[in-house]
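>>> using only what follows, build the 3D model:
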Amino acid sequence: MKSFIPCFLAIFFFPFLALSQSWNIEAGNNITRYVFTNSAGNNPNFLKASSGLHLGLSRENKLSKTFVYELGLAYNQYNNVGDVQNIPFSYQADFMGLTGGIGPSYTGLHGLTVSVKASAAAQLLTNGTQFLQNHYVDLAGDDQFSGLKLAVGFTLSITKQVNDKVSVYTSFQHLDTNTFGTSTLNFIPSNFSFGLKLAP
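Modelled structure (predicted):
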């Protein structure tokens with residue numbers, strides 16, 4: 001069994017390593033909405049979107065001249081604020097995990113490359129607190145924050161090549177965790193990022 005795991009990982013990641021085209025390094029800002037659905041199926045409006053940091057590192061590969069995919073790691077702050085009966089509160093939640101995307105890429109006018117990817121992420125809470133009535137509550141034991149969070153959405157990016165090795169890009173990503181149940185909390189971040197593409 002011990003020898004099977006390294007072999008499986010090597011087979012799985014070999015295309016990713018062998019066909020790699022560029023490293024993508026990016027930083028940006030998440031504007032995150034929390035959508036809480038209570039047991040009656042209602043969505044209270046006391047939660048307000050807030051901003052947080054986004055950092056990403058990925059490897060992008062070409063499947064063809066017009067199709068690309070990427071796999072990588074991301075760090076995200078999904079924060080939120082609100083108030084109930086004039087009592088303010090806030091959430092600060094840090095997540096880390098794997099990201100991926102696949103879609104068409106087209107180079108056109110002025111050498112700008114536009115790509116649209118179907119995107120997905122699998123993330124875990126690394127640190128989280130709720131501030132309420134002048135004290136902090138650890139979110140690690142809260143089922144709505146702990147555990148693996150799966151999200152799907154899309155990414156739109158525009159890239160400009162600087163030279164043979166370096167390109168700059170800006171991107172917009174929208175994700176949704178799509179959690180279902182009788183009482184749920186969904187994270188819906190919209191992310192604006194700037195980054196560098198570094199060719200090997």
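>>> which secondary structure elements does the helix or strand hosting T113 contact?
Per DSSP states H and E, T113 falls inside strand 112-132. Here strand 112-132 touches strand 67-77, strand 87-107, strand 135-138, strand 149-161, strand 166-176, going by 3 or more CB pairs under 8 Å, 6 or more residues apart in numbering; DSSP states H and E. All C-beta atoms are positioned from the backbone trio N, CA, C, and that covers glycine.
>>> can you give me the pLDDT of Q85?
Per-residue confidence (pLDDT) for Q85: 83.
>>> and the nearest residue to G153 once chain neighbours are set aside, how many neighbours?
Of all residues not flanking G153 in the chain, L175 sits nearest, at 3.9 Å (CB to CB, 6 or more residues apart in numbering). Neighbour count of L175, defined by other CB atoms under 10 Å: 26.
>>> cool, the one 4 residues further on as well?
For T179, the count of nearby residues is 16 (other CB under 10 Å).
>>> tell me how far the nearest residue to it once chain neighbours are set aside lies from W23.
Of all residues not flanking T179 in the chain, N186 sits nearest, at 5.3 Å (CB to CB, 6+ apart). Separation of N186 from W23 (CB to CB, to the nearest Å) stands at 31 Å.
>>> distance of the residue nearest the centre of the chain relative to K65?
Nearest to the mean C-alpha position of the chain, counting by CA atoms, centre = their mean, stands A121 at 5.7 Å. According to CB to CB, A121 and K65 sit 27 Å apart.
>>> circling back to that earlier point, could I get the helices and strands packed on strand 112-132 as JSON lines with distance to L198?
Below are those laid out as JSON lines (distance: least, CB to CB, whole Å):
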{"stretch": "strand 67-77", "distance to L198": "13"}
{"stretch": "strand 87-107", "distance to L198": "17"}
{"stretch": "strand 135-138", "distance to L198": "38"}
{"stretch": "strand 149-161", "distance to L198": "12"}
{"stretch": "strand 166-176", "distance to L198": "6"}
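>>> quick check: which of these is nearest to S50?
Of all the helices and strands packed on strand 112-132, strand 87-107 sits nearest to S50, with 7.3 Å by CB to CB.
>>> how about the CA coordinates for the strand holding T113, as CSV?
Output of strand 112-132 as CSV, limited to C-alpha atoms (Å, rounded to 0.1, in the frame of the first residue of the first chain):
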residue,chain,number,x,y,z
LEU,A,112,-4.2,40.5,-25.4
THR,A,113,-5.2,37.0,-24.4
VAL,A,114,-8.7,36.5,-23.0
SER,A,115,-9.6,33.3,-21.2
VAL,A,116,-12.8,32.0,-19.6
LYS,A,117,-12.5,29.0,-17.3
ALA,A,118,-15.0,26.9,-15.4
SER,A,119,-13.5,27.0,-11.9
ALA,A,120,-13.6,24.9,-8.7
ALA,A,121,-12.1,25.0,-5.3
ALA,A,122,-11.8,22.7,-2.3
GLN,A,123,-10.8,24.6,0.9
LEU,A,124,-10.5,24.1,4.6
LEU,A,125,-10.8,26.7,7.4
THR,A,126,-7.4,27.5,8.9
ASN,A,127,-8.5,30.2,11.3
GLY,A,128,-11.8,31.9,12.0
THR,A,129,-13.4,34.1,14.6
GLN,A,130,-16.7,35.8,15.2
PHE,A,131,-16.8,39.1,17.0
LEU,A,132,-20.0,39.6,19.0
